[in-house]
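> No letters, just coordinates:
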C-alpha cells in the first residue's frame, strides 16, 4: 500500500510545497488562532488537485463516505480526534444516533458506515444506526462483504426527540447529506444536537457559498504566510438562473466561462504555465459527482445536445439544477503507477486523520475523478499528514502529505465559516435558549 | 516488538479487565465530564502494577523521560495530543523553550529529550533547549548514539522573561523535575507559561498528596462504574517526622507499616488471595526510584543497618528524607518471556499516547523495577491504549492496554487535582492578573 508518486513538474511544485514546510510554524500558529474563533465541523473530507504550480481543494464534503478507504494504521488518530470532537460538542453525551444515506446496496458505502461506527464506539459512545428508509420497519442486520455487519433500525420520533427503539440519544450524527430536504423526523428536535446542523445539508448548501468562504480563508492565509492566494485558490463564478432543459441562461453561463478562462489565462502567463486552461461547471447544490462538465471554451456550453442537457439538468434525488458554479479547473499532475491520482483528505474535528488517492486509469488529468459509475481504486496514504520531515525533499510523501493536510484544513475552516454564516436565525435563537 | 504477555492468574484479573471493557461507555463519559472541570497536565507517565485482582498506578511522573521508548507507530498520536495541549494552554504561542534535566551523559535520557523535541516541532512550534547546567556557556551540540543530535543553549534571563539567545519563548516546558528547588532564573517569570507549574516540581511535590488525590479520584470512579475502589487503589500511610541517620521516627514507621499490612491482609482474605502482603516505603519527595524499600513485616524497618539507612536517608540532588509514604505493594503478575514486566503508560494532554514495559529478568514480582543502576529492557506496547476489541478476550493486548489506559488516566486526573490544590496563592493571583 505504498503509493509510488511521480509528478510531471518539479520546479514550482517543489517551491509551493517547500514554502509550506518552511512556514510550518507560522501555519500551525495561524491555524490554532483560527480554531479559537470557529467551531470545527464534526468531520469532513476534501478532494484536492495538485498541478504543481497550484494545490487546491475542489470539493469539501461535510458528510464524508470513504472512511473504509483510510489506512487502518491511523485508526487511533481517528479515535482521538473523534474524542476531541465529542468533548467539544457534547461532553456529557454517551448515546449517539447515526443516520446514514439510504444506499443499502452499496457495499463500499456500507463499509464506510461500519468503519465510522467502530471509530465512534471506540471513543466510548453507544452508537445505533437509524435509517430513513421507509422499508426498514424492524432492526435489519446487513452482512458486509468484508465480514463486518451493520444493523439498521427504524427511527422512532417521540415528541421533540429522535431515536430508535429503547435508545434516546444525546446527539444525532448525520452521514446523510439531505439532498432531498430535511425529513420531517429531523425537524424541530429539542435538546438533541444534530451534527452537522441540518442547514449544512445539500438541500440548502451551495458550492458557491463555500467557494466564497474559501476565497476569504485562502486570502487571509496567503497573506499570513506570504504567498499568492491563487496558488491555493481555484477562481470561480456563479450563474443563478439557468434551465438546461428549457435552454435559458446559456448566455450567462457562456459569459462567465469566458471571463473565468480569461482570468486563468492571465495567471498562466504570469506563472509561465503552458497547459490549456479549463473550467468545471457544476450544479451549485450537486453532489456525488453528478451534474459536472469540463469546459475549455465558452462555445461548449451553448447549444448543448440532449444527452449533455440531461446530464446537467438533474442531480441526486432528482433535484433540478438552476444554479451552477463555474470553477477553475486544476490539472492533476500526480500519478500513481501511471494512472491519474487525486488525493482525498479526511478530517475529524480540526485534525487531519488520513486520506487516500482516487486512482483512475481511464481518465485524463483535467477530468473529474469522482463521477457516477466511476470505479476508482482507493490507495490509502502511507503516512499521516502531520509528520513533515525536513531532512527529506519537499516532495517526499511525508512532506507532500503535510502540504495536503494544510490545504485540506483551509477547506475545512472555510466550511466552518460557511456553516456559521448560513445558520438560520431560528437555529441561533434555539441554541441560545439551550444555553 | 510484540510483547508475549503471560499471566499467572486468570480469574479475578479477567473479571476486572472485563468490567472495564463492559463499562467503556460509562468510563469514557465519566472521563469527559472530569476533564471539563480539570486542566490536564501537559504530559505525564505512570507506572502501573497488575496483580490480576488489582490494577493500580504506583507512581505518576509529571516530567516524563522515556518518550524514546514508545512505539514510533504512535508518533502521530503524540503530535495530535500535543497540539491539543498547546491549543489549550497557549493558542497563540509559536516558540517554546524546553528545559531538560542536567544528565548530559545519559544517552537514554538525551534520546528522550530529542524525541520530545521532535514531537513538539511536529506540532509546528519552534523549539529550543535551554540548559540549567552552568558549564553550558554557548550552544553545545550533542551527537546521540541513535544518530540524532541535540543542541543545548545557555539560558538568558532578561527582566521577567526567560529564553536563549535571540529566542523569546511564549512558554517554558519543564522536563526537569526541580528536585533541587526552583532555580533563580525560573522565579518570577512574567507573562510566560511555565508547564508544568514550578510548584509541581519535586522540591515541593509530595507522593502522599498525590496518593490522597488519587484516593478520591479512584473512589469516585469506582462508585461510578460499580467496583470496589481497592481494586485500583493502593492503600497508603504517611510518616512525617523521620530521620534515618539519627534513627528517630522508626516507631511511627513501624506502626504505619503494621497497620497497613493488617488492612491488606484483610482485603486479601476478602478476595481469597494467598500471596504474602508487602508494603513499599518511599521518600515522600523522592524520585528516580531512590529511597525505596520493600517491607513484609514491621520489624524490618526497626534497627536498619548502616547500608539500609544510607539508602533511605538521601535521594536525588542530595535531599535528606524526613517524610516517607508507606504504600501498599502490588505484585506484578505480568511477565514477558519469563521476566517480570511493569507497564509504563504515557499521556499528553488527557490522551494516552503509548507505553512500554519495563522488563527485568533479575527482579521479583514484589520488587521495585525502577531502581538506580537497574537496566530494564523497554518493550514498546504493540497497540495503543484506545482500541479495545470486544470480539477478543479481556486479556488480549488491545483490551489489556485499554484497562491500562483507563487506570493511567485516573492517575493523571489525580495529578491534575493535586496541581490545583497545591497551587500557591500568589500564583493564583498572578494567573488572575494575566486574565
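Looks like it arrived, so ask away. Since we're looking at a predicted model, the values are computed, not measured. Residues are numbered from 1 along each chain as shown, chains lettered A, B, ... in the order given.
> Flag the shaky bits of the stretch 151-300 of chain A, pLDDT-wise.
Filtered on pLDDT under 70, the stretch 151-300 of chain A yields the residue ranges A:286-290.
> give the contact list for residue A:233.
With contacts defined as CB atoms under 8 Å, 6 or more residues apart in numbering or on different chains, residue A:233 is in contact with A:56, A:214-215, A:218-219, A:222. All C-beta atoms are positioned from the backbone trio N, CA, C, and that covers glycine.
> elements contacting the longest helix anywhere in chain A?
Looking across chain A with DSSP state H, the single longest helix is helix A:397-421. Applying 3 or more CB pairs under 8 Å, 6 or more residues apart in numbering or on different chains; DSSP states H and E, one finds that helix A:397-421 contacts helix A:11-22, helix A:24-37, strand A:43-50, strand A:55-61, helix A:207-225, strand A:339-348, strand A:351-360.
> If you tally nearby residues, what's the number for residue A:170?
Neighbourhood size, residue A:170 [other CB atoms under 10 Å in any protein chain shown]: 20.
> Next to chain B in this structure, residues from the stretch 1-150 of chain A, please.
Within the stretch 1-150 of chain A, the positions adjacent to chain B are A:24-29, A:31-33, A:35-36, A:73-77, A:79-81, A:83-84, A:86-87, A:91-94, A:122-126 by CB under 8 Å from any CB of the partner chain.
> If any of those are buried, put those into a ChimeraX selection.
Selection of buried members from the residues of the stretch 1-150 of chain A next to chain B for ChimeraX, criterion 16 or more other CB atoms under 10 Å in any protein chain shown:
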select /A:24,25,26,27,28,29,31,32,35,73,74,75,76,77,79,80,81,83,84,86,87,93,94,122,123,124,125,126
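> How is chain A divided into domains?
Annotated domains of chain A cover A:5-65+A:205-418, A:72-203 [automatic domain parsing].
> which ones are touching residue A:265?
The contact partners of residue A:265, by CB under 8 Å, 6+ apart, come to residue A:277.
> I'd like the distance between it and residue A:258.
11 Å (CB to CB, to the nearest Å).
> quick one on the thing from earlier: can you say which of the domains of chain A is nearest to residue B:140?
Of all the domains of chain A, it is domain A:5-65+A:205-418 that lies closest to residue B:140, at 21.4 Å by CB to CB.
> Off-centre distance for that closest one?
Distance, stretch centre to chain centre, for domain A:5-65+A:205-418: 10 Å (CA atoms, centre = their mean, to the nearest Å).
> gap between the nearest residue in space to residue A:361 that is not next to it in sequence and residue A:331?
Nearest residue to residue A:361 in three dimensions, chain neighbours excluded: residue A:339, at 4.2 Å (CB to CB, 6 or more residues apart in numbering or on different chains). Residue A:339 sits 15 Å away from residue A:331, going by CB to CB.
> Those two: which is more packed in?
residue A:331 (23 against 17).
> That one and residue B:73, how far apart?
Counting by CB to CB, the gap from residue A:331 to residue B:73 is 35 Å.
> Surely residue A:34 is in contact with residue A:413?
Yes. Using CB atoms under 8 Å, residue A:34 is in contact with residue A:413, at 5.5 Å.
> So what's the residue count around residue A:311?
17.
> now the strand or helix carrying it: mean pLDDT?
In this structure, residue A:311 sits in helix A:306-313 according to DSSP states H and E. Averaging pLDDT along helix A:306-313 yields 79.
> Can you list the buried residues in that helix?
Those would be A:309, A:311-313, for helix A:306-313 by 16+ other CB under 10 Å.
> contacting residues for residue A:207?
Neighbours of residue A:207 in contact, by CB under 8 Å, 6+ apart: A:59, A:282-286, A:325, A:327.
> Near chain B, which residues of the stretch 251-400 of chain A are found?
Residues of the stretch 251-400 of chain A lying close to chain B by CB under 8 Å from any CB are A:351, A:384, A:386-388.
> Among these, which ones are in strands?
residue A:351 (DSSP state E).
> Lowest pLDDT pick from the residues of the stretch 251-400 of chain A next to chain B?
Lowest model confidence among these falls on residue A:384, which carries 68.
> Name the nearest residue to residue A:108, ignoring sequence neighbours.
residue A:68 (6.8 Å).
> hang on, I meant residue A:66
Per CB to CB, 6+ apart, closest to residue A:66 is residue A:112, 5.6 Å.
> okay, now that neighbour: neighbour count?
Using other CB under 10 Å, residue A:112 has 22 other residues around it.
> Which strand or helix spans it?
helix A:107-122.
> residue in the stretch 51-200 of chain A nearest to chain B?
residue A:124 (2.3 Å; CB to the nearest CB).
> show me what contacts that residue?
Here residue A:124 is in contact with A:83, A:94, B:24-25, B:27-29, B:31 (criterion: CB under 8 Å, 6+ apart).
> That one: which element?
Going by DSSP H and E, residue A:124 is not in any helix or strand.
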